[in-house]
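Enquirer: Whatever this is, show me its structure:
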Amino acid sequence: MEQLTLAASHQAQGTLTLPGSKSISNRTLLLAALANGTTEIRDVLASDDTSRMLEALEALDVQLENFADNAWRVTGCGGNFPNKQADLFLGNAGTAFRPLTAALALAGGNYQLSGVARMHERPIGDLVDALKQAGADIQYLANDGYPPLKIAAPQLDLSKRIKIRGDVSSQFLTALLMALPLTKQQATIEVIGELISKPYIEITLNLMAKFGVQVARNGWQSFTIPANSSYTAPQEIFVEGDASSASYFLAAGAIAGNVTVQGLGKDSIQGDVRFADALALMGGNISYADNHITASKAEQIHTIDLDCNHIPDAAMTLAILALFAKGTSTLRNIASWRVKETDRIAAMATELRKVGAIVEEGADYITITPPATLTPNAAIDTYDDHRMAMCFSLVSLGGVPIIINDPNCVAKTFPNYFAEFKKLVS
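Expert: Next comes the predicted model:
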């Protein structure tokens, strides 16, 4: 197994331009494919997840042109995919698998969707149940409630409200919202229980509006797509820098110096930009501009007890910051961690203990008490999870070397992460 040793470091200084947001990139690529007209999408993230989406769209005979660096010209099919029969492999890309499941289930055609072994362990039953309420024809090819899936042409019936659980993954609601305009019928979605990761739904609604579909909403309880809705290409759209990826560099600045991330600003549509607020609570000095954010060294890293439902991905970085505080920190309302690329609560607890922390994990929380001295040369397992690898790089700023197993798993969202990280630290 490949390993990367990060040297002990004490300072983080500099500026970097963020890669594009994964969430925005994959949503925008799919919406452009579903639209009438041609969209030029700039600053698209180049990563495993976006590659899986692009491969799937190409297999569906959507016209794609990579006309510049990280820029794609997508000629939409108006919700009618030219290829009505395809087998799609989507790796471990939830931001591709869930929305494509919904779009293909409502667009008409015969498809099979599969992924890596971990994707076949990630639940999709709540989305499938909701789609079946709308008349979709979806079968499980292995275990009920999980991929792989077989999809056939639907018998649409949108006369009743579509009910969907909101407490497992916001990607299920995102997938439904994006797909329902394809039916041309009025459709109302009712969310059962608490909706988690609400900022990700805000991203979805914001992007749908840019493509000409306005969703009526009743708070977070219900969403209505008007009859005769259709997506129209906005001609050109820019993808924001990835706010989740920004968290590692902003944390580095708060721990050990002064770091500016470009491509993300105070008016970002991404919920994870609010990681900077949590960082300020922990003592970091934060300043915002239209297209960059700067974090500089805290006099002292404070403990935190925070509901992290609004920043589920970036909250992982707070768990590492807790190693630099004096006392116990608690991250709450993070049940969604358990159904991500790995069981992130269990994985984080296991690896934090390797560097000396005392950790307690629950169904939806984790508490971290840092050691008096971090354990040097801990070999961190990453579980084929990009965020585990990127998070634990920050341990090196505690003045101890750290070993990252399978460092190339960062290719999922940030292939050159470690090169960028090394430029900033000393």
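
Enquirer: going forward, measure contacts between C-alpha atoms and count neighbours the same way
Expert: Fine.

Enquirer: is it true that residue 49 touches residue 23?
Expert: No. Using CA atoms under 8 Å, residue 49 makes no contact with residue 23, being 9.6 Å away.

Enquirer: Overlap in contacts, the two.
Expert: residue 95 (CA atoms under 8 Å, 6 or more residues apart in numbering).

Enquirer: which phi and psi does residue 78 have?
Expert: Dihedral angles phi and psi of residue 78 (degrees, to the nearest 10) take the values phi 60, psi 30.

Enquirer: Contacts only, for it.
Expert: Residue 78 sits next to 33-37, 230-231 when contact means CA under 8 Å, 6+ apart.

Enquirer: Out of those, which end up buried?
Expert: Among the contacts of residue 78, those classed as buried by 16 or more other CA atoms under 10 Å are 33-37, 230-231.

Enquirer: would you turn the residues you listed into TSV with distance to residue 273, pLDDT and secondary structure?
Expert: Formatted as TSV, the buried ones among the contacts of residue 78 follow (distance: CA to CA, whole Å; pLDDT from 0 to 100; DSSP: H, G, I helix; E, B strand; the rest coil):
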residue	distance to residue 273	pLDDT	secondary structure
33	27	98	helix
34	28	98	helix
35	28	98	coil
36	31	98	strand
37	31	98	coil
230	30	97	coil
231	27	98	coil
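
Enquirer: If we only consider the residues you listed, which is nearest to residue 206?
Expert: Of all those, residue 206 sits closest to residue 231, with 13.0 Å by CA to CA.

Enquirer: now the buried ones among the contacts of residue 78 in CSV, with distance to residue 223?
Expert: Listed next are the buried ones among the contacts of residue 78 as CSV, based on distance: CA to CA, whole Å:
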residue, distance to residue 223
33, 23
34, 20
35, 21
36, 23
37, 26
230, 16
231, 17
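
Enquirer: what's the closest of the contacts of residue 78 to residue 13?
Expert: residue 33 (40.4 Å).

Enquirer: Apart from its neighbours in sequence, what residue is nearest that closest one?
Expert: With sequence-adjacent residues excluded and distances taken as CA to CA, 6 or more residues apart in numbering, residue 33 is closest to residue 76, at 4.1 Å.

Enquirer: Same check on residue 346?
Expert: residue 361 (7.2 Å).

Enquirer: what about that neighbour, distance to residue 340?
Expert: 16 Å (CA to CA, to the nearest Å).

Enquirer: Give me the more crowded residue out of those two.
Expert: Taking other CA atoms under 10 Å, residue 361 and residue 340 do not tie; residue 340 has more neighbours (20 against 16).

Enquirer: Ramachandran angles for the more buried one?
Expert: Main-chain torsions, residue 340, degrees, to the nearest 10: phi -90, psi -150.

Enquirer: go on, the one 3 residues further on?
Expert: Backbone geometry at residue 343, expressed as degrees, to the nearest 10, gives phi -80, psi 100.

Enquirer: Can you name the residues that contact it?
Expert: Counting by CA under 8 Å, 6+ apart, residue 343 touches residue 337.

Enquirer: if I look at it, how far off is residue 167?
Expert: Per CA to CA, residue 343 is found 16 Å from residue 167.

Enquirer: The host helix or strand of residue 200 packs against which elements?
Expert: Assessed by DSSP states H and E, residue 200 sits inside helix 198-210. Applying 3 or more CA pairs under 8 Å, 6 or more residues apart in numbering; DSSP states H and E, we find helix 198-210 packed against helix 22-34, helix 170-179.

Enquirer: rewinding a little: pretty sure the residue nearest to residue 33 is in contact with residue 40, am I right?
Expert: No. Contact criterion CA under 8 Å: residue 76 and residue 40 do not qualify, at 10.9 Å.
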